[in-house]
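Q: With the input below, show me the fold.
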Amino acid sequence: MTDASIYQPNKSSASTDSIKDWCMKPDISASDSLTLIPGIGAKTAEGFESAGINTIAQLLGKFLSFIDGVGGTTEVCQGFFTWCKETAKEHGFAKANMHSVCFAMANWATVSLFNFLLDTFYIYFFCWPFFLFFLILIFNAPDTFCLLFLFLLF
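A: Residues are numbered from 1 along each chain as shown. I've put the predicted structure just below:
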């Protein structure tokens, strides 16, 4: 891989503080415009939209699609970064800084999903019948559990 094709968070044009502040905003909605993400301007958003990615949730979904259960954070970020670069080249926004987009999405995925899981655990802990039901599903029907988890997530 060439240097330009390797994801490097330190090459992000968005500052760590601006990404941290964005990730901690309580009012981010999954259906919000891509332009709210640090590092995504109007031209980059238009390019992603021409590729079928119109919302923060869709971009997050794309990021999460690189989790394969084998690779770690570095591999997930590299896969998403490579997809972003290819999409940018294909749809005419190749000059966009995809390091920023990847860095923002990696941090938002970590913050939003971790908080979701903590909130979910809290609810299930105090609603033990539901918690017990989900434990039964996990061990007896993992596919059903995955579908229910995705339903609850969105």
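
Q: How about the backbone phi and psi for S65?
A: For S65, the backbone dihedrals (degrees, to the nearest 10) come out as phi -70, psi -10.

Q: So what's the residue count around it?
A: Neighbours of S65 under the rule other Cβ atoms under 10 Å: 12. C-beta here means a position set from N, CA and C on the backbone, and glycine is covered the same way.

Q: Same question for the one 4 residues further on.
A: Residues lying near G69 (other Cβ under 10 Å) number 4.

Q: before we move on, what about D32?
A: Other residues near D32 number 14, with proximity taken as other Cβ under 10 Å.

Q: now the most centrally placed residue in the chain, what's its secondary structure?
A: The centroid of the chain falls nearest to L60 when counting by Cα atoms, centre = their mean (3.0 Å). The three-state assignment at L60 reads helix, by DSSP: H, G, I helix; E, B strand; the rest coil.

Q: again, but for T82
A: Remark: T82 carries the secondary structure label helix [criterion: three-state DSSP].

Q: Brilliant, that's me finished.
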